[in-house]
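1. Sequence isn't available, so here's the structure alone:
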């Protein structure tokens, strides 16, 4: 009898036993079994990367539950799969195309680009599956799924349409995170906020009913002034109580806009007065909904300014337009001062 090694060597032990489990089909669920059913759907890892310690912890817990259920006499299905990772995968494939073929997804067209994405999945997805198997995950690999599989996509679309027909899904105007490079909306989870050094611009808005009197507003984005549809202050701020219901002249794309009061305004920030731009700020959007303000979008999807009423800005890239807007305001006597400012 061979002497047992004094130290456990996982590399020589675990692959052998895992291979035996696979050959015996120990993890394959039988849909015709008379045993009570027990199932877990693995939260699919993204195909763009490798497993993290978070995956290891989560999958270990799932494996414990699956194995315990088998020992208790359940017919167990632990369904594995991978997620296409949406924008992450698209970005990775597009970078590869630019580097190797100097092409974009628009050059290829939708169908060919999706085919390239599937090729990417075949290449990189195998790494993650091998890692899961190396962990000893007792998944039913015969039922492995991918979130771009035709059947999976069809099922999602069917449910979506069904929910829509039941009135449980509707389309409305909402504030979203928009990526002007990828030309798509992104979730809050995909947005990484970083401190940005810029300027705080103090802009003067003349009161229509009181010529010569101005409201001063601090903003970091003067290039969106053309989308202002109201001025707002806190209803408890006595400095501006007499202005409620009056109007101010918007200094770029000159127009009368109402002066309103809203509880969400911070009297301590800046001058205590907010220019309300419902199309380009989440807080402003909420204020606009409460006060039925119009939503004026002055940016093209690619981040360029869309405002023919101010030809000096129309078509400019947003950061270039920011500097140009400040110049225009200064020339019109509407820019009181500029201060360095850092935000995220």
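-> Alright, I've got the coordinates. Predicted, not measured: the structure shown is a model, and the values here were computed from it.

2. Against which helices or strands is the longest strand seen in the chain packed?
-> The residue-count maximum for a strand in the chain (DSSP state E) belongs to strand 196-206. Of the remaining helices and strands, those touching strand 196-206 by 3 or more Cβ pairs under 8 Å, 6 or more residues apart in numbering; DSSP states H and E are strand 214-219, strand 247-250, helix 318-331, strand 335-343. The C-beta positions use only the backbone N, C-alpha and C, and glycine is treated the same way.

3. so the last one versus helix 318-331, what angle?
-> Strand 335-343 and helix 318-331 are oriented at 150 degrees to each other (axes from the mean of the first three to the mean of the last three Cα atoms, to 10 degrees).

4. so who does residue 117 touch?
-> Residues touching residue 117, when contacts are defined by Cβ atoms under 8 Å, 6 or more residues apart in numbering, comprise 84, 89-90, 93, 148.

5. at 7 Å instead, please
-> By Cβ atoms under 7 Å, 6 or more residues apart in numbering, the residues touching residue 117 are 89, 93.

6. now swap in the one 10 residues further on and tell me
-> Contact criterion Cβ under 7 Å, 6+ apart gives residue 50 as the residues in contact with residue 127.

7. How about the one 4 residues further on?
-> Counting by Cβ under 7 Å, 6+ apart, residue 131 makes contact with 50-51.

8. ok, now residue 85?
-> Neighbour list for residue 85: 46-48 [criterion: Cβ under 7 Å, 6+ apart].

9. Now it: closest residue in space, sequence neighbours ignored.
-> What sits nearest to residue 85 in space, not counting adjacent residues and going by Cβ to Cβ, 6 or more residues apart in numbering, is residue 46, at 3.7 Å.

10. Model confidence for the one you found, exactly?
-> For residue 46, the pLDDT comes out at 83.

11. Give me the distance between it and residue 161.
-> Distance check for residue 46 against residue 161: by Cβ to Cβ, to the nearest Å, it reads 27 Å.

12. who has more neighbours, the two?
-> Using other Cβ atoms under 10 Å, the more surrounded residue of residue 46 and residue 161 is residue 46, with 19 against 11.

13. before we move on, the earlier item: give me the angle between the longest strand of the chain and helix 318-331.
-> Interaxial angle of strand 196-206 relative to helix 318-331 (the same axes, to 10 degrees): 40 degrees.

14. strand partners of strand 196-206, parallel vs antiparallel please.
-> Sheet pairing of strand 196-206 (DSSP bridges) gives strand 214-219 (antiparallel), strand 335-343 (antiparallel).

15. Distance from the chain centre to the last one, please.
-> When C-alpha coordinates are averaged (Cα atoms, centre = their mean, to the nearest Å), strand 335-343 and its chain have centres 29 Å apart.

16. same question, the shortest one
-> The offset between the C-alpha centroid of strand 214-219 and the centroid of the whole chain comes to 31 Å, using Cα atoms, centre = their mean.

17. Which stretches in the chain count as strands?
-> For the chain, the strands identified by DSSP E occupy 37-41, 75-79, 81-82, 145-146, 177-179, 184-186, 196-206, 214-219, 230-233, 247-250, 255-261, 273-276, 335-343, in order along the chain.

18. quick one, which of the ones you listed is nearest to residue 14?
-> Smallest distance to residue 14 across the strands of the chain (Cβ to Cβ): 18.0 Å, for strand 75-79.

19. outside of the longest strand of the chain, which residues touch it?
-> Counting by Cβ under 7 Å, 6+ apart, residues outside strand 196-206 touching it are 214-220, 222, 225, 231, 248-251, 326, 329, 334-344.

20. Generate a PyMOL selection restricted to the buried entries among the residues you listed.
-> Selecting the buried subset of those in PyMOL, with 16 or more other Cβ atoms under 10 Å as the burial test, is done by:
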select buried, resi 214+215+217+218+219+222+225+231+248+249+250+251+326+329+334+335+336+338
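
21. Hmm, residue 83 and the residue nearest to residue 85 touching each other?
-> Yes. Counting by Cβ atoms under 7 Å, residue 46 sits close enough to residue 83 to count as a contact (5.3 Å).

22. now the helices: where do they sit in the stretch 51-200 of the chain?
-> Counting by DSSP state H, counting those that start in this stretch, the stretch 51-200 of the chain has these helices, from start to end: 53-71, 87-101, 105-108, 110-134, 150-165.

23. Let's have those in CSV, adding mean pLDDT and distance to residue 297.
-> As requested, the helices of the stretch 51-200 of the chain are arranged in CSV below (pLDDT from 0 to 100; distance: least, Cβ to Cβ, whole Å):
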stretch, mean pLDDT, distance to residue 297
helix 53-71, 96, 38
helix 87-101, 86, 22
helix 105-108, 89, 23
helix 110-134, 85, 26
helix 150-165, 94, 25
